[in-house]
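S.K.: structure, please.
(one chain, ligands or ions: 1)
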Amino acid sequence: TFLLDPLMYPPLGALHIASKLLQEGHEVKFFDLRDYQMGVENLVVYPQADLYGITASTSGYNEAVKIKNTLKKIRRLVPVVIGGSHASVRPEECNKEFDATIVGEGETSIMKVIDGARGIVTSPIIKDIDTLPYPARHLLRQEARVSYNIFGGQKYSTNEAGSTVTSTRGCPFECSYCCSPCIWAGKIRFRSPENFVGEIKEIGEKYGAKRFKFVDDNFPLKKQRIIDIMDLLEPMDIQFRCHTKTSLVNQEVLEA
Ligand code: SF4
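M.R.: Below you'll find the predicted structure:
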């Protein structure tokens, strides 16, 4: 499905970093290179950039290195930092290529990089994730701010706009085949129902989104919290899907 629609999910992680940078008073230009209408050649029309940041999963890592090499040919002295899941799982590999490699969540570490940190950069986790600004979706191209394919696959295509949003960071489980424990160290933090639903409301008001994919590793982790979220969502006329470990689902959760 991603091959058919690479913009199906907005790049939430990078948009979170962008919103943090904006909050701290920096100017940010954002390029989603999965977007066919973009291209690395467009990056260099912003030669005034003081720092380039790239996010990549493992499947996109080789492309990230190519982009870094292109940037370095044009602006050799400007640092290029990488974050995202591949950097968290294989920091030593990234450290050989990039000026800075951010491991784990990036909002605190990106500020350290701006202040001059280089090499592998880590930070303590942010305990209260309600303090983070909502992802800076407005930095995306107008047409890419929502997805018309948020539930994935032609069967579920619709004229209704949708988006991704997450109510937690991390997962308390440690499945051996999963990269989540490497990224989040088995720790989980929850947004308050009000903060989470506030973001959904904002996306609905600004972009008309009615369909949502909750991309938490495991959405229904605390039963009462789910009930509280559902109470807030009920008057909003939205549809959603979420990720979950099957053992977390029971009649009570489904009825909420
Ligand atoms: S429950 Fe899901 S997200 Fe958590 S470790 Fe297992 S596979 Fe990964």
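
S.K.: output the below-cut-off pLDDT ranges for the chain.
M.R.: Low-confidence segments of the chain (pLDDT under 70): 1-4, 36-45, 153-158.

S.K.: out of everything not next to it in sequence, what's closest to K72?
M.R.: V80 (6.9 Å; Cβ to Cβ, 6 or more residues apart in numbering). In this view, the C-beta of every residue, glycine as well, is placed from N, C-alpha and C.

S.K.: how close does the one you found sit to the ligand?
M.R.: For V80, the distance to the ligand (Cβ to the nearest ligand atom, to the nearest Å) stands at 29 Å.

S.K.: for that residue, phi and psi?
M.R.: Torsion angles at V80 (phi, psi; degrees, to the nearest 10) stand at phi -120, psi 120.

S.K.: before we move on, what about the one 4 residues further on?
M.R.: Here is the backbone geometry of G84 (degrees, to the nearest 10): phi 100, psi -180.

S.K.: for K213, same thing?
M.R.: phi -110, psi 120.

S.K.: so it touches Y9, yeah?
M.R.: Yes. Shown here, K213 and Y9 form a contact pair, counting by Cβ atoms under 8 Å, at 7.0 Å.

S.K.: are there residues contacting both of these two? Which ones?
M.R.: Both K213 and Y9 are in contact with I150, T164, where contact means Cβ atoms under 8 Å, 6 or more residues apart in numbering.

S.K.: which residue ranges form the strands in the stretch 151-256 of the chain?
M.R.: Along the stretch 151-256 of the chain, counting by DSSP state E, counting those that start in this stretch, strands occupy 162-165, 168-169, 189-190, 211-214, 239-242.
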